[in-house]
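[1] Sequence and predicted model, in that order:
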Amino acid sequence: MTIGSTPPPFTLGPSILFCPADRPERYAKAADRADAVIVDLEDAVAPADKPAARGHLVRHLATLAEDAALLERTIVRVNPAGDATRAELDADLQVLAGTGVRHVMLAKAESADDVDKVVRALGPRVGIIGLCETPAGITRADQLAAHPSVTALMWGAEDLVAALGGSSSRHSTGTYRDVARTARSLVLLAAATHGTAAIDSIYADLTDLDGLSAEAEDAAASGFAAKACVHPSHVAPIRAAYTPTDAELEHARALLAEVPQHTGAFRFRGAMVDAPLIRHAERVVQRAERTEGETS
């Protein structure tokens with residue numbers, strides 16, 4: 001593989017906001033409110049409205065030709081590569097070719113061949129986000145993450161549960177059922193195995209900000225690089241969840257300051273510290289520095 005033949009690492013987030021492609025009046029607002037925006041050509045757009053949505057999106061991308069930073073923060077979700085939607089995907093890729101789009105999310109990704117279809121149309125420098133939301137996509141997450149053009153994996157619960165013949169991904173308490181939790185973990189592990197980022201799924205209840213905050217905090221602590229959302233009101237809780245508290249940051253920095261004084265495991269504030277806990281502290285500092293950089 002030649003130098004420059006693969007996309008750069010995925011660094012967007014932590015809040016990534018979906019925006020329907022057939023609502024161009026929302027494009028700028030979404031980009032302004034979140035760290036990145038997913039302009040959606042798939043589920044958010046009715047089949048009859050997809051041609052017009054593609055036109056809106058292409059015109060928008062043309063206006064970003066002179067704004068590299070905003071183009072970098074724009075992700076386009078395209079239709080799946082399966083037989084039933086292949087014509088829609090082909091139409092998506094045809095209009096995206098030559099636009100300079102940097103990130104493409106492939107809905108219902110299930111194989112490396114699916115990713116290859118996008119790469120052949122758009123080139124190897126476009127980063128592909130594999131959206132694992134079917135049984136095949138979840139069980140083949142490792143194959144997707146291993147593809148050189150895949151820079152991130154995201155997972156989705158609702159399509160997965162529908163494909164399984166179920167009717168709800170969550171308990172009445174708002175927590176995920178075991179099958180969804182398993183899928184979430186498998187995608188995170190597959191992404192980490194191959195050094196790609198993992199994006200946590202949306203929290204569909206728009207009014208339950210406490211539930212969102214708890215889930216986003218778990219995502220950040222577990223290693224998800226970002227969390228997607230479908231409403232601007234969810235951006236702030238996600239950002240807050242990814243921002244270490246003052247106490248967490250003070251503890252992490254103090255612990256790291258002690259590391260040069262020791263050659264192995266050591267006691268710090270009543271706890272035994274070894275290499276994994278040092279890496280945990282480094283992650284806390286990195287998240288704080290990332291947040292500071294975004295707000296400066």
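    That came in fine, so what should we check first? Just so it is clear, the structure is predicted and the values come from calculations on it, not from any experiment. Residues are numbered from 1 along each chain as shown.
[2] now the strands for the stretch 151-296 of the chain?
    Residue ranges of the strands in the stretch 151-296 of the chain, as given by DSSP state E, counting those that start in this stretch, are 197-200, 226-229, 266-268, 271-273.
[3] Now stretch 231-246: average pLDDT?
    For stretch 231-246, the mean pLDDT works out to 95.
[4] re earlier: quick one: which of the strands of the stretch 151-296 of the chain is nearest residue 143?
    Evaluated over the strands of the stretch 151-296 of the chain, closeness to residue 143 peaks at strand 197-200, with 15.3 Å, by C-beta to C-beta. Just so you know, the C-beta spots here come from the backbone N, C-alpha and C atoms, and that holds for glycine as well.
[5] Mind giving me the packing neighbours of that closest one?
    strand 150-155, helix 178-193, helix 209-222, strand 226-229 (3 or more C-beta pairs under 8 Å, 6 or more residues apart in numbering; DSSP states H and E).
[6] do that again at 7 Å, thanks
    strand 150-155, helix 178-193, strand 226-229 (3 or more C-beta pairs under 7 Å, 6 or more residues apart in numbering; DSSP states H and E).
[7] packing partners for the lengthiest helix in the chain?
    Across the chain, the helix with the greatest residue count (assigned by DSSP state H) is helix 275-295. Contact here means 3+ C-beta pairs under 7 Å, 6+ apart; on that basis helix 275-295 packs against helix 246-258.
[8] How far off centre is the helix it packs on?
    On the basis of C-alpha atoms, centre = their mean, to the nearest Å, helix 246-258 is displaced by 28 Å from the centre of the chain it belongs to.
[9] quick one, that helix and helix 275-295 angle?
    Computed by axes from the mean of the first three to the mean of the last three C-alpha atoms, to 10 degrees, the angle separating helix 246-258 from helix 275-295 equals 120 degrees.
[10] same for helix 246-258, what does it pack against?
    When contacts are defined as 3+ C-beta pairs under 7 Å, 6+ apart, helix 246-258 packs onto strand 266-268, helix 275-295.
[11] got the buried residues for the longest one?
    By 16 or more other C-beta atoms under 10 Å, the buried positions in helix 275-295 come out as 278, 281, 284-285, 287-288, 290-291.
[12] follow-up on the earlier one: check the helices and strands packed on helix 246-258 for me: which has the lowest mean pLDDT.
    Averaging pLDDT over each of the helices and strands packed on helix 246-258 puts helix 275-295 lowest, since it has a mean of 82.
[13] Outside of it itself, which residues are in contact with it?
    35, 242-244, 248-249, 252-253, 255-256, 259 (C-beta atoms under 7 Å, 6 or more residues apart in numbering).
[14] For residue 219, which non-adjacent residue is closest in space?
    residue 200 (4.0 Å; C-beta to C-beta, 6 or more residues apart in numbering).
[15] who touches stretch 248-260?
    Contact with stretch 248-260 is made by 266, 268, 273, 278, 281-282, 284-285, 288, as judged by C-beta under 7 Å, 6+ apart.
[16] one step back: how about the helices and strands packed on helix 246-258, which one is nearest residue 176?
    Comparing those by C-beta to C-beta, helix 275-295 comes nearest, at 23.5 Å.
[17] and the closest one with helix 209-222, angle?
    Using the same axes, to 10 degrees: helix 275-295 against helix 209-222 is 120 degrees.
[18] Residue most distant from the centroid, this protein?
    Going by C-alpha atoms, centre = their mean, the residue of the chain most distant from its centre is residue 261, 38.1 Å out.
[19] still on that earlier bit, reformat the strands of the stretch 151-296 of the chain as CSV; add distance to residue 78 and mean neighbour count.
    Formatted as CSV, the strands of the stretch 151-296 of the chain follow (distance: least, C-beta to C-beta, whole Å; neighbours: other C-beta atoms under 10 Å):
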stretch, distance to residue 78, mean neighbour count
strand 197-200, 16, 26
strand 226-229, 16, 26
strand 266-268, 48, 14
strand 271-273, 46, 12
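[20] any chance of those strands in a markdown table, with distance to residue 76 too?
    Below are the strands of the stretch 151-296 of the chain laid out as a markdown table (distance: least, C-beta to C-beta, whole Å):
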| stretch | distance to residue 76 |
| --- | --- |
| strand 197-200 | 15 |
| strand 226-229 | 14 |
| strand 266-268 | 46 |
| strand 271-273 | 44 |
